[in-house]
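The following comprises the amino acid sequence and a computationally predicted model.
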Amino acid sequence: MTEKRDSGELIGLAESLVSYGRVNGADEIEVSIIDDSEFSVDVRLGKIESLVEAGSRYLGLRVIKGKKTAYATSSDLSEDTLQNLVKNAIKRADLASPDEFSGLPPFSDNKFDFTSLKLFDSEIRKLNSKTKISLAIETEKIALKDKRITNSHGSSFETREIKSILANSNGFIQEYEETFYSLSLGLQAGDTDYKVEDFWSSSKRHLKELEPPEEIAKKAVARTVRQLNPRKIKTQKVPVIFEPMMTSWLLGLLFACVSGVSIYQKASFLVDKLGEKIGNKRITVYDDGLIPGKLGTRPFDSEGVPIQKIPVVEKGTLKNYLCNTYAARKLKLKSTGNAYGTGVGPNNFYMQAGKMRPEEIIASLDKGLILTRTIGHGLNPVTGDISRGAFGLWVEKGEIAYPVSEITIAGNLQNILNHIEMVGNDLEFRSSVSGPTIKIQELTIAGE
Amino acid sequence: MLYNANIKERIAIPLENLQKILNIALSSGGDFSEIFLEYKMYNFINMEEDIIKETAESISLGLGIRVISGEKTGYGYTNDLSLEKIKKVALTAASIASGKLQKNSSSLNSFSIKHNFYPVLNPAHKESLEKKILLVQKAYQTAQNFDQKIKKVKVSFIDQIQYVTVFNSEGLMVSDIRPLIKLVCLCIAEKSQKREAGFSGGGGRVGLEYFQSELKPEEIGKDAAREALNLLEAGLAPAGELPIVLAPGYSGVLIHEAVGHLLEADFIRKKTSIFWNKMGEKVGNDQVNIYDDPTIPHFRGSYNTDDEGTVPKKTPLILKGKMTGLLQDRLSAKLMKKSLTGHGRRQDYTCMPIPRMSNTYLDKGEYAPEEIIKSVKKGFYAHKFQGGQVEDSGKFTFSVSSGFLIEDGKLTVPVKQATLIGTSIDILNKIEMIGSDLAFGLQTGTCSKEGQGVPVADGCPTIKISRMTVGGME
């Protein structure tokens, strides 16, 4: 047996299962295959802790018969297992209920410009283990030179190479390859009973875009030590500045609330709000999976629907819910190309940058908090209520005064979106959900 | 020769080949090699909008090979079980060491476990889909008909059977067959433009008989509906430092987060946990006894052997307020020269085992629950939790989905959505009273660490904490 089935073989497998399903009674069938190779190295205090190298393949399928749906997945790609799964799925579909909204998307297009999306970096095949390990070791080493750092969670370097294949009974058959690199470092500072910790990481599709070890070390150190000797603050309502990562967190919550699935399930405070003002004029949000080389970029979604740039919120007005084919049909809308697995996910979901430099935003704050980190759960998408444990920097007269910890922030997403006072110019696509620094007029901080 | 009759068809790797692979894995001078073989079948049913919307079936088959060399670990995995491919994975894992073969693997000796913590009458994976659909429909209809204000119901049923076999270079060969099921219900209630969600569920390492004898699907439906309706009437939670009373059962998540994680041996060994230098020391009030017990029959977090082939033990973590134990896996136990406790777990064959919790609880105390509530003049009663998170430095948060204000020793106004925040040792010291009513939370929890999810359970009795920061909006 060959070590890796070549691409023709996997495409052939997908196509043959689609035909097998049709012959055995499925009205519609969709087959996806993921062929994934991963490498990761963890180092800590200068030594390798672990090294993982592996490849694996997964197959997923959806069968529709009489408007009834069944799914299956397998990591066992032997022909008899897969054929049994297809036959079983057709039988199981009979036990589900007919659902007029079910079914595959109509055939759209088989022409995609994969190269312009810059999803694949061929450097991945030239990079040897030694280089990968030394990137992680180097990153941690630079950080540990700083005497304020008292312990390390370690540094990791990871690469992934993924091939995705999708075929369905409406005639769709495509494959594409993509790469990912990431370098990260976690640190602790302070004495045993007064430790603080934070991390920094960079994830990119192209090796040359990855932040270098110096940069990662510098940011991880700065983020960790700025929390040393925190104070408690009194419970109060103050303006709050969200650092970009915190804005991204907030946008993740917004995504959950504009997801077509949450909308048709009525599990979002944004039900029936299309075309209405849901925030002030400073907020504009897009989902754009076509920006070359970004983490959420892809040619088509998991159902084969071509990706577009979708306006989600424009100057405060809700323009679109983000849908897969099913949610779109339920809501009498069109799929926005947001199908992820059997649900809905973001492509590049981002808030448009403003004009202000982050330093200017901080300087504008007479008294308030810069939110740097949150921990825990605490969003109720049904109501938009938010409540999380938080860390931050206290600001007085436009300057950072001291770090604060053991506080919580609480508010309501709807309210927050209506009270964005300033938007920074520092948007970076660090993950598939990203935003710049923003300033919110007022939030409740619970402390002493 | 085969080692697990139930899965022989799918993964018939002859014993001599396994022995060979363990040796290949040691060929660069590693101290220890191990094969983790896993076959998992999973079924899923989803009902919403009054229909059985979809069903899913999943098969996962593969193996992971681990080599330990000193403090270093090499790991590889594959779902292609051809001998050629497995040998290649063994060589990849072997390369963590850089030398020559030191010692061949001992010959494999099948070791069969005498106990079974989860004997089931009607294993769910052998039951018909129709029977399971019936359970889903019962929960769904009960929730929907509970009150007119219930506008949306979603019920899911998941059953899983996991066959695990561990082989290692010390000659160990041991298998475990782990059933796991859960039925969960989510309800949304609506009243004058206001919407709230309620959740409930149950299950464990049980058969379908559980939903007749232990917890009826109707009860799950009712419980979720009731919570959503209660929240419609709930006010905003207070903000500030207050005395806190934790409800029994659900509040176990606080023990899991604030204490359990920080006593996982990897964090202690790396000195990142705030508890790293506190073994034998007083870390909490005298009344505090905390255990992790993977042997509780039928619990979600239980197992006959951990994912390294170690038979697990009920492990005391804190006794009379003193730190007494850790959750060990093989690597940490070896490096710390401690005995194994059977807490090396992994999500699946693609993951290395790490120290994890199983069923974690704070043991019962002497106070009647009413007495505890009565002792608070003005405070907050945390009833249901959504989850929590902790960092090694001991700072943690919990999301309370519903609670009550305590006024003059009585539960008064229902409130919703608050966050509790604190630090571990501080809270353990501020525990003032512990109730006699030990209970466990819903058998639906999954704990995540380093990206690996494993099923867990947690519990505690009614507990009073003298002061804690509550983050609400009022």
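Here it is on my side, so go on. Source: prediction; values computed, not measured.

Please state the offset of stretch A:290-305 from the chain centre?
Taking Cα atoms, centre = their mean, to the nearest Å, one finds the center of stretch A:290-305 at 13 Å from the center of the full chain.

From start to finish, how long is that stretch in a straight line?
13 Å (Cα to Cα, to the nearest Å).

quick one: buried residues of it?
Buried residues in stretch A:290-305, counted by 16 or more other Cβ atoms under 10 Å in any protein chain shown: A:290-291, A:293-305. C-beta coordinates here come from the backbone N, C-alpha and C atoms, glycine included.

swap in stretch B:409-416?
So, applying 16+ other Cβ under 10 Å, buried residues of stretch B:409-416: B:411, B:414-416.

What's the local residue count around B:Leu172?
Neighbourhood size, B:Leu172 [other Cβ atoms under 10 Å in any protein chain shown]: 18.

need the contact list for it.
B:108-109, B:111, B:166, B:309 (Cβ atoms under 8 Å, 6 or more residues apart in numbering or on different chains).

likewise A:Gly46?
A:137, A:140-141, A:144.

Please identify, among those residues, the one with the most neighbours.
A:Glu140 leads those on contacts (other Cβ under 10 Å) with 26 neighbours.

And the pLDDT at B:Glu474?
pLDDT recorded at B:Glu474 is 65.

Just the buried residues of stretch A:290-305: which are in strands?
Within the buried residues of stretch A:290-305, no residue falls in strands by DSSP state E.

farthest-separated two in these?
A:Gly293 and A:Glu303 (23.5 Å; Cβ to Cβ).

so how far is chain A from B:Leu262?
According to Cβ to the nearest Cβ, to the nearest Å, B:Leu262 and chain A sit 11 Å apart.

give me the low-pLDDT residue ranges for the stretch 301-448 of chain A?
A:377-378 (pLDDT under 70).

With adjacent residues omitted, what lies nearest to the residue in it positioned nearest to chain B?
Closest approach of the stretch 301-448 of chain A to chain B (Cβ to the nearest Cβ) occurs at A:Thr408, with a separation of 2.3 Å. Spatially, and ignoring its direct neighbours in sequence, A:Thr408 is nearest to B:Gly471 (2.3 Å; Cβ to Cβ, 6 or more residues apart in numbering or on different chains).

Looking at the one you found now. What's its pLDDT?
82.

can you count the residues close to it?
32.

who touches B:Leu263 in this structure?
Residues in contact with B:Leu263 (Cβ under 8 Å, 6+ apart) are B:273, B:275, B:317, B:323, B:325-327.

Pull the contacting residues for B:Ser251.
By Cβ under 8 Å, 6+ apart, the contact list for B:Ser251 reads B:382, B:385, B:441, B:460, B:463.

any idea which of those residues is least confident?
B:Phe385 (85).

Flag every buried residue along the helix or strand harbouring that residue.
Taking DSSP states H and E as the definition, B:Phe385 sits inside strand B:378-390. Neighbour-count burial for strand B:378-390, with 16+ other Cβ under 10 Å as criterion, is recorded at B:379-390.

Report the entries of these that also contact chain A.
Among the buried residues of strand B:378-390, the ones lying near chain A by Cβ under 8 Å from any Cβ of the partner chain are B:386-390.

so what's the residue of chain B found nearest chain A bridging to?
Distances between chain B and chain A by Cβ to the nearest Cβ are smallest at B:Gly471, namely 2.3 Å. On the basis of DSSP bridges, B:Gly471 is bridged to B:Thr419.

Let me see the contact set for it.
B:Gly471 neighbours (Cβ under 8 Å, 6+ apart): A:387-389, A:407-410, A:444, A:446, B:237, B:239, B:418-421.

picking up where we left off before, how about the contacts of B:Leu172, which pair is most distant?
Spanning the widest gap among the contacts of B:Leu172 are B:Asn109 and B:Val166, at 12.6 Å by Cβ to Cβ.

Which one of these two is surrounded by more residues?
The residue with more neighbours, out of B:Asn109 and B:Val166, is B:Val166; 23 against 10, by other Cβ under 10 Å.

Please list all residues in contact with the nearest residue to that one once chain neighbours are set aside.
The shortest distance from B:Val166 to any non-neighbouring residue, by Cβ to Cβ, 6+ apart, is to B:Gly309 (3.6 Å). Counting by Cβ under 8 Å, 6+ apart, B:Gly309 makes contact with B:111, B:166, B:168, B:172-174.

Helix, strand or coil: sort out B:Glu170 for me.
coil (DSSP: H, G, I helix; E, B strand; the rest coil).

and the residue nearest to it when sequence neighbours are not counted, what helix or strand is that in?
Among residues not flanking B:Glu170 along the chain, B:Ser106 sits closest, at 5.7 Å (Cβ to Cβ, 6+ apart). Per DSSP H and E: B:Ser106 is located in neither a helix nor a strand.

ok, B:Ser106 - how many residues close by?
13.

same thing with A:Phe114?
So A:Phe114, with other Cβ under 10 Å, has 15 neighbours.

Isn't B:Thr310 up against B:Arg330?
Yes. Counting by Cβ atoms under 8 Å, B:Thr310 does reach B:Arg330; the two are 7.2 Å apart.

which one is residue 314 nearest to, not counting chain neighbours?
No chain in the question, so chain A it is. Among residues not flanking A:Glu314 along the chain, A:Thr284 sits closest, at 5.4 Å (Cβ to Cβ, 6+ apart).

Wait, chain B was what I had in mind.
The spatially closest residue to B:Lys314, leaving aside those adjacent along the chain, is B:Asp293, at 4.1 Å (Cβ to Cβ, 6+ apart).

which ones are touching the one you found?
With contacts defined as Cβ under 8 Å, 6+ apart, B:Asp293 is in contact with B:314-315, B:358-361.

Repeat the analysis, applying 10 Å as the threshold.
Contact partners of B:Asp293, counting by Cβ atoms under 10 Å, 6 or more residues apart in numbering or on different chains, are B:299, B:301-302, B:312-316, B:357-361, B:457.

And B:Thr412, by the same measure?
By Cβ under 10 Å, 6+ apart, B:Thr412 lies in contact with B:381, B:404-406.

On the three-state scheme, it is what?
strand.

Same question for B:Lys20.
helix.

can you pull the pLDDT of it?
95.

quick one: it from B:Val245, how far?
60 Å (Cβ to Cβ, to the nearest Å).

Please enumerate the strands of the stretch 1-150 of chain B.
B:32-48, B:51-69, B:72-78, B:109-110, B:150-168 (DSSP state E, counting those that start in this stretch).

now swap in the stretch 201-350 of chain A and tell me
Under DSSP E, counting those that start in this stretch, the stretch 201-350 of chain A gives strands at A:236-242, A:285-288, A:309-314, A:317-318, A:339-340, A:343-344, A:349-351.

which other residues reach the third one?
Under the criterion Cβ under 10 Å, 6+ apart, residues A:251, A:254-255, A:258, A:270, A:277-279, A:281, A:283-291, A:317-323, A:336-338, A:346-352, A:417 lie in contact with strand A:309-314.
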